[in-house]
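Novice: Predicted structure and sequence below. I'll ask about it afterward.
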Amino acid sequence: MPDDGTSSRTQHRAVFRRGLHVLWVAIRTEPAVFLVAVAGAGLHAAVSVASAEVMGGITDRVVLPAFESRSTTSSALAAAAALLLGVGLAKAIGLAARRLFAGLMQFRMQARYRRSVSRTYLRLPLAWHHRHATGQLLSNANADVEEAWRPLAPLPMAIGSVAMLLIAAVAMVVTDPVLATIAFVVFPALAVANVVFQRRVSPAATRAQALRAEVSEVAHESFDGALVVKSLGREDTETERFTQAAHRLRDAQIRVGRMRAAFDPVMEHLPNFGILAVLLVGMWRLSAGAITAGELVQVAYLFTLLSMPIRSFGWLLGDLPRTVVAWDRVQAVLTAEGSMPYGERRVPRGSGGVGLTARGVGFSYEDAFTGGARDLSDDPDTVAAQRSIVLHGVDLDIEPGRTVALVGPTGAGKSTLTTVLMRLVDPDTGTVALDGADVRELDRGEIARAAALVPQSTFVFEDTVRGNITLGADIDDADVWAALRLARADSFIAALPEGLDTRLGERGTSLSGGQRQRLALARAVVRKPRLLIMDDATSAVDPQVEAQILAGLRETDLAATVLVVAYRRATIELADEVVYLEQGTVRDRGTHTELLESSAGYRSLVTAYERAAAERAGEPEPDEGGPEPRGLRPAPSPGSAGGDGQTDETRETVR
Ligand SMILES: Nc1ncnc2c1ncn2[C@@H]1O[C@H](COP(=O)(O)OP(=O)(O)OP(=O)(O)O)[C@@H](O)[C@H]1O
């Protein structure tokens, strides 16, 4: 068994090797930019050493003769000035090239990996997203990508420093081996101190980095849940939670600050002790005639020049552990499995609705309690134990142009079924087909071209009304208005100060719940889908308006096939057929009247909706603007659950 010291050294070596591998990835990706940055660093290094030579030369040939003769020629002064200017200019060019191209490389790599990470997020199936928190995804795409490429900024300088050290070492040995010996003691000591410091500060800095992510996660959650926090009077508790996270971050940063405060002055002054030693020994060498005054100035100047490049190694080494951690997180996203394979088939072209078929569809979610630690064993018992089965052997047949209502208690699997039908997730068993074409064999984007899903919760982008509907597609205003009319959203959009050009606030908070839902519906219908799936998409819309919308959808020349997850009798009655889903299985199907006769579960569910509506009949109507709280649905009756937002129409009897 290795002792702690050995294993820690092994770990450091492993981190160092992996860190170099990450840097190598960047060099391979941007070789030209890297070479220019290194060439700049090399030029800067060579000219810096040369500048020490120049300083020494000027001391011997201009300054000392001037002191001795108490006069100097203007030509000698002009030559010295020109030399200094030339050296300064060359140094500036090297420095600018190094900084510019190191930055270019760093920012290009960051942009490239941000793009890859966000592209991967969109490629990965919904099931993967279910397992990852928003805060984590944001931090992978932002903080981790930045952290992974942070060492690219000091990398060319560190490489230039090697060149500078080598040239300086040769220059010093040539000038005076005795003075060079002082450098060979001081600079390795400086490098060792750097490494020791970086090893000590690195865990503290890594912890501060993790706490920074924690603070932003707490903040994200508090702001996102502001409505809940405020309405339940939990501001103080949330503030306390945030304060604690902020204090943990503060303490961690102070710890890092303290370490730096102790180390930086030492690093700052160590070369000064070297210079002092150079001057003392140099005086003796000068009086012994072994060196000239200019050579002494040259070596002392080299000492001042070399301290900073040596520290750049420290910066690089200090960044590497965090780089490795961040790189691993980014790679976990980029190599995540679960991308959906696509075929090359197309949905048969034509106008009007498409037929939708599901055969034996089964689907299970990864169990929230086993989560990411899921054992991917092939043993069916193990897999079944780790997953909660939501759909079992669902069969559906919807003919083109028909409107079907999907009804079922809360938790029956209606929303899950809509995501399977849209191929946002693949079923564990069974198949889904559009006009006979298995959705797994369809070309990428083909489902989005043929079908649209309006989900339960709407998302509004911080964009104009037009942007929110077209989502960047080339759709003219006439079509946008037609879609808004169909979604019964045209009048409130027309009343907005700038109509289609009105910018909607973040997540559409400037709109009411019902307005947001109608906007989302317009976004779906403007694409003229041949299959429209609405998952409780009009729950916050006034019932009469909802009925008008559904009737409108049936009357347009769109003639789309419509599957609507419905809770209201008026909606259900508008459908050609009702599919009753219970515990993930289709229990019954038929018209509303037939199901009331034949299905006890359906009857009991719809009666529960009616009872709840009747109980609330005396209460004021919900504004069409507010979403109907899910909690208003009636308590589950035997064999069923769920409910409806009460509305005037539900006061009527079902029959
Ligand atoms: N992302 C998820 N991860 C794990 N389980 C989930 C997930 N989403 C839903 N479930 C579970 O799947 C079951 C079916 O949920 P689903 O949302 O499909 O039902 P629903 O019939 O649409 O309900 P509602 O009428 O309340 O919208 C529920 O038991 C739910 O807890």
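Specialist: That came through, no problem.
Novice: List phi and psi for Ala213.
Specialist: Backbone torsions of Ala213, given as degrees, to the nearest 10, read phi -70, psi -40.
Novice: got the residues of the stretch 351-500 of the chain near the ligand?
Specialist: Proximity of the stretch 351-500 of the chain to the ligand, by C-beta under 6 Å from any ligand atom, involves residues Tyr365, Ala368, Ser388, Val390, Gly408, Thr410, Gly411, Ala412, Gly413, Lys414, Ser415, Thr416. Bear in mind the C-beta positions are built from the backbone N, C-alpha and C, glycine included.
Novice: With neighbour count, pLDDT and distance to Ala560 added, can I get those residues in TSV?
Specialist: Conversion of these to TSV gives the following (neighbours: other C-beta atoms under 10 Å; pLDDT from 0 to 100; distance: C-beta to C-beta, whole Å):
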residue	neighbour count	pLDDT	distance to Ala560
Tyr365	14	82	29
Ala368	9	48	35
Ser388	11	84	33
Val390	20	87	27
Gly408	27	90	22
Thr410	16	87	27
Gly411	15	87	28
Ala412	26	88	24
Gly413	23	90	23
Lys414	24	92	19
Ser415	17	91	20
Thr416	23	91	22
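Novice: Tell me how far Phe273 lies from Arg212.
Specialist: From Phe273 across to Arg212, the span is 37 Å (C-beta to C-beta, to the nearest Å).
Novice: I misspoke; the intended subject was Ala547.
Specialist: Distance from Ala547 to Arg212, by C-beta to C-beta: 51 Å.
Novice: ditto for Ile291
Specialist: Ile291 sits 52 Å away from Arg212, going by C-beta to C-beta.
Novice: Ile159 too?
Specialist: Ile159 is 30 Å from Arg212, by C-beta to C-beta.
Novice: Arg329 now?
Specialist: 14 Å.
Novice: more crowded one of Ile291 and Arg212?
Specialist: Between Ile291 and Arg212, counted using other C-beta atoms under 10 Å, Ile291 has the larger neighbour count: 21 against 16.
Novice: Help me confirm that the more buried one is found in a strand?
Specialist: No. Applying DSSP: H, G, I helix; E, B strand; the rest coil, one finds Ile291 to be coil, outside a strand.
Novice: which residues touch it?
Specialist: If you count contacts by C-beta atoms under 8 Å, 6 or more residues apart in numbering, Ile291 has them with Thr175, Asp176, Leu179, Gly282, Arg285.
Novice: next one: Gly499
Specialist: Val465, Ile493.
Novice: buried stuff in the helix or strand encompassing Gly601?
Specialist: Element membership for Gly601 (DSSP states H and E) is helix 600-615. Going by neighbour count (16 or more other C-beta atoms under 10 Å), the buried part of helix 600-615 is Gly601, Tyr602, Arg603, Leu605, Val606, Thr607, Ala608, Tyr609, Glu610, Ala612, Ala613.
Novice: On the pLDDT front, check Leu23 for me.
Specialist: According to the prediction, Leu23 has pLDDT 93.
Novice: measure it to the ligand for me?
Specialist: Leu23 sits 39 Å away from the ligand, going by C-beta to the nearest ligand atom, to the nearest Å.
Novice: so Lys528 sits in a helix?
Specialist: No. Judged by three-state DSSP, Lys528 forms no part of a helix; its state is coil.
Novice: For it, the count of nearby residues, please.
Specialist: Lys528 has 19 nearby residues by other C-beta under 10 Å.
Novice: ok, now how distant is it from the ligand?
Specialist: In terms of C-beta to the nearest ligand atom, Lys528 sits 26 Å off from the ligand.
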